[in-house]
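S.K.: structure for this input, please:
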Amino acid sequence: MKTITILLVNLLMLTTLMAQMPAAITIEPPNATAYDLLTLIFDPAEACFTDGTLEGLDSIAIHSGVGYQNGQTWQSVIDWDGVGYDGQSTILYPTGDGKFSKTYVPFEYYGFPEGVIVTQICAVFNNGTDWNQDGRDFLDDSDCMDFFIPIAHPCLSEGLTIYTQEQIDNFQTNYPGCIEIEGSVQISGDDITNLNGLNVITCFGNDFVIENNPNLMELTGLENVLSIEGFLAIEFNNSITSLAGLESLSHIDGPFFIGGNNLLTSFTGLDNLQSIEGVLEIGIYESGGYYGNPSLINLSGLENLDYIGGNLSIKFNESLSSITALENIDPESISDLFIYDNISLSTCDIQSICDYLANPNGTIEIHDNAIGCNSQEEVEEACTASILEVSTFYGINTQPNPFSSSITIEYKLKQTQTVQISIFNQFGQLVYQQTEDQVQGLQQLHWKAQDQAEGLYYYRLQAAKHIINGKMMKIQ
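M.R.: Coordinates of the predicted model:
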């Protein structure tokens with residue numbers, strides 16, 4: 001029985017070590033898969049040697065293969081004195097800091113069957129001339145073992161439900177190399193306080209739900225997530241105050257539901273979110289009840305959001321007083337518009353809403369907000385009153401600046417306008433002027449100044465009472 005117990009302990013230790021990145025190995029970029037170009041870096045100072053060392057050599061060799069998702073290891077082996085299927089040698093060269101590196105595409109080098117999910121590189125390093133010296137991983141303080149180097153791969157097609165902090169903390173050990181989760185993920189647990197163990201994930205390939213986590217205060221740990229390929233739901237997390245941790249998220253390929261988060265004050269953390277392919281629902285209906293975000297004051301963090309492929313719904317957020325952050329949404333991307341039961345919201349005449357109301361795509365419900373945003377008619381009246389108060393020009397850019405022969409003045413118009421463009425030299429003399437009717441959106445003027453002297457020039461854009469000035473420098 002004692003022998004069996006020792007064997008089981010050793011097997012558990014080996015399995016755990018095979019799931020971790022060895023101290024002697026670095027993979028760049030860390031999210032590279034077996035089908036990507038990657039650089040494998042080996043540090044002999046961190047390796048285990050039974051005899052001698054590989055430190056200080058001019059080059060070393062790698063004897064290696066791959067491991068599959070089904071648990072098979074040392075597949076498609078390339079001998080240390082052989083050549084890869086892509087013609088590459090097995091040699092690693094010094095990086096200048098005592099380490100050695102090799103850059104290659106594992107799929108092309110090892111020649112394993114296309115479509116196979118590779119989860120690790122199996123390796124031993126030697127001196128490249130014989131096998132008298134080799135470098136391996138540490139099994140324990142005295143014994144060495146082969147390197148089993150985890151690499152990124154799509155995983156968990158069946159999805160994952162996380163109920164405990166322990167599951168979060170052990171994620172990278174339990175699912176080595178897992179950075180793109182294919183199935184749906186739900187995080188819901190009373191003892192979950194942070195998501196740090198998920199910091200290797202770059203993509204959720206299906207729906208992602210964070211709900212009923214009373215002790216989760218922020219979303220730190222999700223900072224490497226670039227996209228969610230399903231819907232995102234953040235609901236009933238009573239300690240979350242912001243969405244810090246989602247700074248890299250740029251795209252949600254589905255609806256975004258957020259409600260029942262009692263302490264959430266803003267959307268800070270979603271500053272890079274540009275598009276949502278579905279409903280944006282701030283305040284939700286669930287289990288026969290309506291749940292807003294009672295402490296939500298504004299929507300700061302959504303300033304870069306410019307597209308939603310569905311309804312815009314803002315409701316039951318009793319402290320919400322500003323929706324200005326939504327002004328850059330393309331109104332044509334909004335289907336139905338619902339703004340109601342936000343008792344502190346009195347101003348809704350932002351650009352995207354005004355443009356949508358001028359040319360609606362679906363149902364409109366605006367009611368039970370504060371005076372000023374208490375009906376569709378009130379918002380339309382405010383839009384009409386403010387149209388001349390909003391700056392006509394935005395997105396102004398000049399390039400190249402300085403310039404030698406010609407320069408492009410680029411700007412955007414918030415509405416169709418008669419625009420006059422004037423250019424003056426450094427003495428205040430008018431050298432160019434153009435007046436024309438221009439439509440809403442991007443505009444460009446290409447000014448050819450070959451006949452003008454070097455020096456400082458000033459441009460002036462004028463539409464009605466709105467004037468924008470800027471400088472340009474012509475050089476030899």
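S.K.: run through the chain and note the low-pLDDT ranges.
M.R.: Within the chain, the segments meeting pLDDT under 70 span 1-19, 141, 385-392, 465.
S.K.: now the helices for it?
M.R.: For the chain, the helices defined by DSSP state H cover 2-18, 106-110, 165-169, 171-174, 351-358, 376-386.
S.K.: so where do the strands sit in the stretch 51-200 of the chain?
M.R.: 60-68, 75-78, 91-94, 100-104, 118-126, 134-135, 137-138, 144-145, 147-150, 153-155, 160-162, 178-181, 185-187 (DSSP state E, counting those that start in this stretch).
S.K.: of these, which approaches S352 most closely?
M.R.: Judged by Cβ to Cβ, the one of these that comes nearest to S352 is strand 185-187, at 31.1 Å. Where you see a C-beta, it was placed from the backbone N, CA and C, and this is true even at glycine.
S.K.: tell me the strands beside the closest one, with direction?
M.R.: Strand 185-187 pairs in its sheet with strand 160-162 (parallel), strand 208-211 (parallel), by DSSP bridges.
S.K.: pick the most deeply packed of those.
M.R.: Sort those by mean neighbour count, taking mean count of other Cβ atoms under 10 Å, and strand 208-211 sits at the top with a mean of 21.
S.K.: identify the residues contacting that one?
M.R.: Strand 208-211 is contacted by residues 184-188, 216, 219, 228, 230-237 when judged by Cβ atoms under 8 Å, 6 or more residues apart in numbering.
S.K.: farthest pair within those residues?
M.R.: The widest separation within the contacts of strand 208-211 (Cβ to Cβ) is 20.5 Å, between L216 and G230.
S.K.: those two: who's more crowded?
M.R.: Set L216 next to G230 and count neighbours by other Cβ atoms under 10 Å: L216 wins out with 24 against 20.
S.K.: would you check that the more buried one makes contact with N237?
M.R.: Yes - between L216 and N237 there is a contact under Cβ atoms under 8 Å: 5.4 Å.
S.K.: neighbours around the residue lying closest to S266 once chain neighbours are set aside, how many?
M.R.: Of all residues not flanking S266 in the chain, S300 sits nearest, at 4.4 Å (Cβ to Cβ, 6 or more residues apart in numbering). Number of residues near S300 (other Cβ under 10 Å) recorded here: 17.
S.K.: and if you look at the one 4 residues further on?
M.R.: If you count neighbours by other Cβ under 10 Å, N304 ends up with 14.
S.K.: and it, its phi and psi?
M.R.: Main-chain dihedrals, N304, degrees, to the nearest 10: phi -90, psi 0.
S.K.: show me the contacts for the nearest residue to it once chain neighbours are set aside.
M.R.: Spatial nearest neighbour of N304, excluding adjacent residues (Cβ to Cβ, 6+ apart): Q274 at 5.6 Å. Q274 sits next to S250, H251, N304, L305, D306, Y307 when contact means Cβ under 8 Å, 6+ apart.
S.K.: can you tell me which of those are buried?
M.R.: With burial judged by 16 or more other Cβ atoms under 10 Å, the buried subset of those is S250, H251, L305, D306.
S.K.: out of the strands of the stretch 51-200 of the chain, the one nearest L246 is which?
M.R.: When the strands of the stretch 51-200 of the chain are compared by Cβ to Cβ, strand 185-187 sits nearest L246, at 13.4 Å.
S.K.: list of residues touching the closest one?
M.R.: The contact list for strand 185-187, computed with Cβ under 8 Å, 6+ apart, reads 156, 159-162, 168, 195, 204, 206-211, 213.
S.K.: would a markdown table of the strands of the stretch 51-200 of the chain with distance to F49 be doable?
M.R.: What follows is the strands of the stretch 51-200 of the chain, written out as a markdown table (distance: least, Cβ to Cβ, whole Å):
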| stretch | distance to F49 |
| --- | --- |
| strand 60-68 | 12 |
| strand 75-78 | 22 |
| strand 91-94 | 16 |
| strand 100-104 | 15 |
| strand 118-126 | 10 |
| strand 134-135 | 6 |
| strand 137-138 | 10 |
| strand 144-145 | 7 |
| strand 147-150 | 13 |
| strand 153-155 | 30 |
| strand 160-162 | 39 |
| strand 178-181 | 31 |
| strand 185-187 | 42 |
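S.K.: of these, which is nearest L461?
M.R.: Smallest distance to L461 across those (Cβ to Cβ): 46.1 Å, for strand 178-181.
S.K.: now do the same contact list for the closest residue to Y35 other than its chain neighbours.
M.R.: In space, and not counting its chain neighbours, Y35 is closest to F107: 4.9 Å by Cβ to Cβ, 6+ apart. By Cβ under 8 Å, 6+ apart, the contact set of F107 is A34, Y35, E114, V118.
S.K.: tell me who's in contact with the residue lying closest to S275 once chain neighbours are set aside.
M.R.: Spatial nearest neighbour of S275, excluding adjacent residues (Cβ to Cβ, 6+ apart): Y307 at 4.2 Å. Counting by Cβ under 8 Å, 6+ apart, Y307 touches Q274, S275, I276, I329, D330, S333.
S.K.: check C383 too.
M.R.: D349, I353, C354, L357, A358.
S.K.: scan those residues and report the most crowded one.
M.R.: I353 (26 neighbours).
S.K.: my guess is it contacts L337. True?
M.R.: Yes - applying Cβ under 8 Å, one finds I353 in contact with L337, separated by 7.4 Å.
S.K.: ok, back up a step: now the phi/psi pair for the residue nearest to S266, please.
M.R.: According to degrees, to the nearest 10, S300 has phi -50, psi 130.
S.K.: and it, how far is that from D341?
M.R.: To D341, S300 is 21 Å away according to Cβ to Cβ, to the nearest Å.
S.K.: show me the contacts for L264.
M.R.: L264 makes contact with N237, I240, T241, S242, L243, I258, N293, S295, L296, according to Cβ under 8 Å, 6+ apart.
S.K.: which of the residues you listed fall in strands?
M.R.: I258 (DSSP state E).
S.K.: quick check, nearest of the contacts of L264 to T408?
M.R.: Of all the contacts of L264, T408 sits closest to L243, with 37.6 Å by Cβ to Cβ.
S.K.: what is the burial count for the closest one?
M.R.: Close neighbours of L243, defined as other Cβ under 10 Å, add up to 25.
S.K.: what of P294?
M.R.: When neighbours are counted by other Cβ under 10 Å, P294 registers 17.
S.K.: returning to that earlier point: now tabulate the contacts of Q274 in CSV and tack on distance to R136.
M.R.: Putting these into CSV (distance: Cβ to Cβ, whole Å) gives the following:
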residue, distance to R136
S250, 41
H251, 42
N304, 48
L305, 51
D306, 52
Y307, 52
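S.K.: beta partners for the nearest residue to G177 once chain neighbours are set aside?
M.R.: Excluding the flanking residues, the one nearest G177 by Cβ to Cβ, 6+ apart is P150, at 4.1 Å. In this entry, P150 is beta-bridged to Q120, by DSSP bridges.
S.K.: A370 contacts S346, doesn't it?
M.R.: Yes - shown here, A370 and S346 form a contact pair, counting by Cβ under 8 Å, at 3.8 Å.
S.K.: OK, contacts around the closest residue in space to T103 that isn't next to it in sequence?
M.R.: Of all residues not flanking T103 in the chain, T39 sits nearest, at 4.5 Å (Cβ to Cβ, 6+ apart). The neighbours of T39, taking Cβ under 8 Å, 6+ apart as the test, are I27, E28, S101, K102, T103.
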